[in-house]
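**Student:** sequence first, then the predicted structure, then my questions.
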Amino acid sequence: MVKSVVPLRIVDLTQPLGPETRVYPGDPPVRVETIAEIGRDGYYNRVLHIHEHVGTHVDAPAHMIEGGATIDSIEPTRLVAPAIVMDLSNACGAVTSREILMALRLRRLPLPREGWYLLLRIGGGCRSISVEAAEWMVRQKLGGLGVDAASPDGPPYSVHRILLSSGVVIVENLHIPGWLDGEKVTVIVAPLPVRGGSGAPARVYALLDGGRLGEWLRGE
């Protein structure tokens, strides 16, 4: 059955981690400290000083919801799914459900079903996700929202709270190339299982398989 989705092209949607990695305003930057060198110690090793929401990462409900689930408790079955990729960065203001629906229709993409992800290229400037769009995503029973921005919204983080309290995975700081616009893919999200974590850095891949692997894993 899985043979039907190969050959696969794999796109890495992860931002590299280093001192230059973009962080949310006010958060500490990434620091890297060399603690062993081959010439001196016979091996090379470094210490990474990072927080849970740095670079490409996943938000757990505990990030915004008192007593919410932590990152190590998110089931792997929720982290591999069909996904729709769209570039909505050519405008300003909050993305609405109407804009999403129009963009889907323009690209002749299917309406995302239960458990699917939306991967949206909104840029790091004047775009965000509206509360109305977040409520629509919950009604659609989406599995996740991924954005290339540091956050889908700002204070008081209503979009975060709406999505996380409804079990929608939030992935931030993705690297979404423009040429992926209009693709249906299988997304693989692999956060570090930090015990009790409010989130964790993640490696994120898009498989250019038309979403077939994700659908097969979901029994669709």
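**Tutor:** Structure received. Residues are numbered from 1 along each chain as shown.

**Student:** excluding chain neighbours, give the residue nearest to residue 188 in space.
**Tutor:** Leaving aside its chain neighbours, residue 188 sits nearest to residue 205 (4.5 Å; criterion: C-beta to C-beta, 6 or more residues apart in numbering). Placement of C-beta: from N, CA and C, glycine included.

**Student:** what about the helix or strand harbouring the one you found, average pLDDT?
**Tutor:** Per DSSP states H and E, residue 205 falls inside strand 199-207. Here strand 199-207 scores 98 as its mean pLDDT.

**Student:** tell me what that strand is packed against?
**Tutor:** strand 10-12, strand 57-59, strand 184-191 (3 or more C-beta pairs under 8 Å, 6 or more residues apart in numbering; DSSP states H and E).

**Student:** using PDB, list the CA coordinates for the last one.
**Tutor:** This means strand 184-191. In PDB, the C-alpha atoms belonging to strand 184-191 read as follows (Å, rounded to 0.1, in the frame of the first residue of the first chain):
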ATOM      1  CA  LYS A 184      -1.200  19.100  -1.200                       C
ATOM      2  CA  VAL A 185       1.500  17.200   0.800                       C
ATOM      3  CA  THR A 186       2.000  14.900   3.700                       C
ATOM      4  CA  VAL A 187       3.500  16.900   6.600                       C
ATOM      5  CA  ILE A 188       5.700  15.200   9.200                       C
ATOM      6  CA  VAL A 189       6.100  17.200  12.400                       C
ATOM      7  CA  ALA A 190       8.700  15.900  14.900                       C
ATOM      8  CA  PRO A 191       9.000  17.900  18.100                       C
END
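
**Student:** just say helix, strand or coil for the residue located most distally from the centre of the chain.
**Tutor:** Each residue of the chain has a distance to the centre, and by C-alpha atoms, centre = their mean the biggest one is for residue 40: 39.8 Å. The assignment at residue 40 comes out as helix when based on DSSP: H, G, I helix; E, B strand; the rest coil.

**Student:** angles on the backbone of residue 54, please.
**Tutor:** Per-residue torsions, residue 54: phi -110, psi 150 (degrees, to the nearest 10).

**Student:** Provide a list of residues in contact with it.
**Tutor:** Residues near residue 54 by C-beta atoms under 8 Å, 6 or more residues apart in numbering: 17, 21, 23, 27, 30, 201.

**Student:** how close does it sit to residue 193?
**Tutor:** The gap separating residue 54 from residue 193 is 16 Å, by C-beta to C-beta, to the nearest Å.

**Student:** mind checking how far the most centrally placed residue in the chain is from residue 165?
**Tutor:** For the chain, the residue nearest the mean C-alpha position is residue 171 (2.4 Å; C-alpha atoms, centre = their mean). According to C-beta to C-beta, residue 171 stands 17 Å off from residue 165.

**Student:** again with residue 209
**Tutor:** Distance, residue 209 to residue 165, using C-beta to C-beta: 32 Å.

**Student:** those two: which is more packed in?
**Tutor:** residue 209 (21 against 13; other C-beta atoms under 10 Å).

**Student:** quick one on the thing from earlier: nearest residue to the residue nearest to the centre of the chain in space, please, no chain neighbours.
**Tutor:** Counting by C-beta to C-beta, 6+ apart, the residue nearest residue 171 is residue 146, at 3.9 Å.
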